[in-house]
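Colleague: Here's a sequence, model it:
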Amino acid sequence: MHVLQPKHIRLSDKDAEELLKKLNISKSQLPKIFLTDPALPEGCEIGDIIKIERTNSVYYRVVV
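Modeller: A predicted model of the protein is given here:
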């Protein structure tokens, strides 16, 4: 991972469920990130939710 690349973290099933409940959305409503994206952590699968931590903000993406 490059020093300028934001941190990508795969959420556990429990954390993902809590996030979706908190935001009152479904996985299909999250922005997408491709499984082939080199920034993804090892072991990601389709349907996983990724937390992207940037300097001043946090984003969520679903792996497709």
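
Colleague: So, low pLDDT: which residues of this protein?
Modeller: 1 (pLDDT under 70).

Colleague: Tell me which stretches of it form strands.
Modeller: 7-10, 32-33, 49-53, 58-63 (DSSP state E).

Colleague: So for S26, which of the ones you listed sits nearest?
Modeller: When those are compared by Cβ to Cβ, strand 58-63 sits nearest S26, at 9.6 Å. In this view, the C-beta of every residue, glycine as well, is placed from N, C-alpha and C.

Colleague: helices or strands up against that closest one?
Modeller: Applying 3 or more Cβ pairs under 8 Å, 6 or more residues apart in numbering; DSSP states H and E, we find strand 58-63 packed against strand 32-33, strand 49-53.

Colleague: Those strands: which one's closest to D13?
Modeller: Nearest of the helices and strands packed on strand 58-63 (Cβ to Cβ): strand 49-53, 9.2 Å.

Colleague: which residues are in contact with the closest one?
Modeller: Contacts to strand 49-53, defined as Cβ atoms under 8 Å, 6 or more residues apart in numbering, come from residues 6-11, 15-16, 19-20, 27, 30, 33, 40-41, 44, 58-63.

Colleague: try it again with 10 Å
Modeller: The contact list for strand 49-53, computed with Cβ atoms under 10 Å, 6 or more residues apart in numbering, reads 5-13, 15-17, 19-20, 27, 30-31, 33, 37, 39-41, 44, 58-63.

Colleague: Brilliant, that's me finished.
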